[in-house]
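Visitor: below: sequence and its predicted model.
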Amino acid sequence: MHPDTPPASGAPTSAVMRVGQIGFDAPTALLGRFGLQLRRVAPGQPIPGSFWGDEEAGIIGSTVYARDDTPVHSLLHEAGHLIVLPPERRPDVHTDATDSIEEEDATCCLQIVLADELPGVGRARLMADMDAWGYTFRLGSARAWFERDADNAREFLKARGLPHA
């Protein structure tokens, strides 16, 4: 599995939920619970700390950057990377948070769980958007992975006192 991949060619990415559709207030409050800041980037401006560029969210230190056209799944994924890291490691993050498969899996699980905290999003919608965007899981979909193959990710999150169910 490597969920940090750009959208597959021809994927129906225009249908994925964007941050502008839900606004910045709820995501800002959610990230704040974990000691993170959300910075809104002006339309058409490059997103600082974005690994893939374009409309993908970016991370630098304890800040997540997004525009109105940033997919909600991307915002939650990049925030998840920072959340799973111990706070003392966050200042060193710029664009790429980890090469750890364990942390990547935990991040994917966490972004799905946190989707329930955002009004109008929820995990079902987020998993559908992840699939539409081109995330790849060995069981074929985000839902199948989350429901049948994410036990290690849940244990990782649980051990750190993070949301996991």
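Guide: Looks like it came in fine.
Visitor: please compute how far the longest helix seen in the chain lies from its chain's middle.
Guide: Ranked by number of residues, the top helix in the chain under DSSP state H is helix 101-115. Between the centre of helix 101-115 and the centre of its chain there are 8 Å (C-alpha atoms, centre = their mean, to the nearest Å).
Visitor: same question for stretch 66-83.
Guide: On C-alpha atoms, centre = their mean, the centre of stretch 66-83 falls 4 Å from that of its chain.
Visitor: ok, back up a step: what's next to the longest helix of the chain, contact-wise?
Guide: Helix 101-115 has contacts (C-beta atoms under 8 Å, 6 or more residues apart in numbering) with 1-4, 30, 72-73, 76-77, 79-81, 83-85, 97-98, 121-123, 125-127, 130, 135, 142, 145-146, 150, 152-154, 156-157, 162-165. The way it works is simple: take the backbone N, C-alpha and C, and place the C-beta from them, glycine included.
Visitor: and what of stretch 148-159?
Guide: Residues from elsewhere that reach stretch 148-159 (C-beta under 8 Å, 6+ apart): 84, 102-103, 105-106, 108-110, 113, 137-139, 163-165.
Visitor: got a quick ChimeraX command for the buried subset of those?
Guide: A single ChimeraX command selects the buried members of those (16 or more other C-beta atoms under 10 Å):
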select :84,103,105,106,108,109,110,113,137,163,164
